[in-house]
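In: Attaching a predicted model along with its sequence, questions to come.
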Amino acid sequence: QVQLVESGGGTVQAGGSLSLSCVASGHTFSVYTMGWFRQAPGKEREFVAAVDWGGNTYHGDLVGGRFTISRNSAKDTVYLQMSSLKPEDTAIYYCAADARDYPTGYYIMNGMEYWGKGTLVTVSS
């Protein structure tokens, strides 16, 4: 089992920046891919970004160019740097991890094995 704990959420004005962190514990040696998803009120969960064991990164179309995912494997930590935030970025952001070596498209459609409890990001206009 892998446990994930997010931090860094909060309220920021439109155009501002915010950084999220997620620390993994437990059987972290088994984790291959880590990522971020988000869910806004009344909407379905959507993929934000992912990074695999080799450091390859993937960003969703809605956040590409504004958000950057990174990973420090030595610290079992994944980060999400968010800039040029928009009110529509308001959501609960969930850290996720998976021990299976699947293509990113699988994770985008189906999510990942392990989930954090989420951290709220609110972007005010």
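Out: Received, thanks. This one's a predicted model, so the numbers in the text were calculated from it and none came from an experiment.

In: now the helix or strand of the chain with the lowest mean pLDDT, how far from the chain's geometric center?
Out: The least trusted helix or strand in the chain, going by mean pLDDT, DSSP states H and E, turns out to be helix 104-110, with a mean of 93. Computed by CA atoms, centre = their mean, to the nearest Å, the chain-centroid distance of helix 104-110 equals 13 Å.

In: which helices and strands does it pack with?
Out: strand 33-39, strand 46-52 (3 or more CB pairs under 8 Å, 6 or more residues apart in numbering; DSSP states H and E). Heads up, the C-betas are built off the backbone N, CA and C, glycines and all.

In: okay, now Arg100: neighbour count?
Out: Residues lying near Arg100 (other CB atoms under 10 Å) number 12.

In: hang on, it packs against Tyr32?
Out: Yes - with contact defined as CB atoms under 8 Å, Arg100 reaches Tyr32; the gap is 6.6 Å.

In: Excluding sequence neighbours, find me the nearest residue to the residue most central in space within the chain.
Out: Nearest to the geometric centre of the chain sits Trp36, at 1.6 Å (CA atoms, centre = their mean). Once flanking residues are discounted, Trp36 sits nearest to Val48: 4.1 Å by CB to CB, 6 or more residues apart in numbering.
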